[in-house]
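# could you work out the structure for the sequence below:
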Amino acid sequence: MARQLSRKIPLAADAMRRASAQRDGRGLADAQAARERLEDARRRLQQNQRESLQQQVEQARQRAEQLREQQRNIAGEAENASGSQNMEQLRRLTDQKNQPGQGIAELETRLDRMSAEARSSNGQAARELQSAADAIRDSRVRERIRATQQQMQARSREFNRAQEEQIARDLDRV
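A predicted model of the protein is given here:
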């Protein structure tokens, strides 16, 4: 739909140029009709962009929610594995922690991209999207996940629980 509208804009502009070049009175009417088509195409394109941004924001919100739930599940397992010598359990948990770490990196990139795309059409949305991406960076949640992967066996259950809870709070803020 957006591509169709994008193609209509240059066609309407060309029609306006041709109409203005005509010498008879009809050129003015043609130019006015072309201007109206151009304005209509512009309005529909903006509406499509707003709807697309809303859908993208909703998808990003859902992804953040999934990552938060995934982290909560992992936190419960990590508490049980703290200080464990069961290497299989620790390996499995380390692998599980890779998933939210990668997901958070992808979400951060997506939020940055969406913010850049929204800057010209919706400044408020762009600022909020950038704020969410900045929250991921500022909280250093990816680094915290990586650190908990490496320190799970060596740290106390209380320390690991506090780290996992902080990761969950960071994801809540996003």
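# from here on, contacts and neighbour counts on C-alpha atoms
Will do.
# report the central residue of the protein.
The residue lying closest to the centre of the chain (Cα atoms, centre = their mean) is residue 111, at 3.3 Å.
# might one say that it is in contact with residue 128?
No. Using Cα atoms under 8 Å, residue 111 makes no contact with residue 128, being 9.4 Å away.
# next secondary structure after the longest helix along the chain?
Counting residues, the longest helix found in the chain (DSSP state H) is helix 26-81. The C-terminal neighbour of helix 26-81 among helices and strands, as given by DSSP states H and E, is helix 87-118.
# so what secondary structure elements neighbour that following helix?
helix 26-81, helix 123-139, helix 141-151 (3 or more Cα pairs under 8 Å, 6 or more residues apart in numbering; DSSP states H and E).
# between these, which gets nearest to residue 171?
helix 26-81 (5.7 Å; Cα to Cα).
# got the angle for the closest one vs helix 87-118?
With axes from the mean of the first three to the mean of the last three Cα atoms, to 10 degrees defining the directions, helix 26-81 sits at 160 degrees from helix 87-118.
# how far is helix 26-81 from where the chain is centred?
9 Å (Cα atoms, centre = their mean, to the nearest Å).
# so which of the helices and strands packed on helix 87-118 comes closest to residue 107?
Of these, nearest to residue 107 by Cα to Cα is helix 26-81, at 6.8 Å.
# now for the closest one, which elements pack on it?
If contacts are counted by 3+ Cα pairs under 8 Å, 6+ apart, helix 26-81 sits against helix 2-21, helix 87-118, helix 157-173.
# save those as TSV, and put in mean pLDDT and distance to residue 66 too.
Shown next, in TSV, are the helices and strands packed on helix 26-81 (pLDDT from 0 to 100; distance: least, Cα to Cα, whole Å):
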stretch	mean pLDDT	distance to residue 66
helix 2-21	63	30
helix 87-118	83	9
helix 157-173	76	10
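# make a markdown table out of those and add distance to residue 42.
Converted to a markdown table, these look like this (distance: least, Cα to Cα, whole Å):
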| stretch | distance to residue 42 |
| --- | --- |
| helix 2-21 | 7 |
| helix 87-118 | 16 |
| helix 157-173 | 36 |
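# out of these, flag the one nearest residue 53.
That would be, of the helices and strands packed on helix 26-81 and by Cα to Cα, helix 87-118, which comes in at 7.5 Å.
# and of the helices and strands packed on helix 26-81, who's closest to residue 36?
Here helix 2-21 is closest among the helices and strands packed on helix 26-81 (Cα to Cα), at 8.7 Å.
# hang on, residue 119 packs against residue 126?
Yes. The pair residue 119 / residue 126 is scored as a contact, 5.1 Å apart, by Cα under 8 Å.
# so between these two, which is more surrounded?
Using other Cα atoms under 10 Å, the more surrounded residue of residue 119 and residue 126 is residue 126, with 21 against 15.
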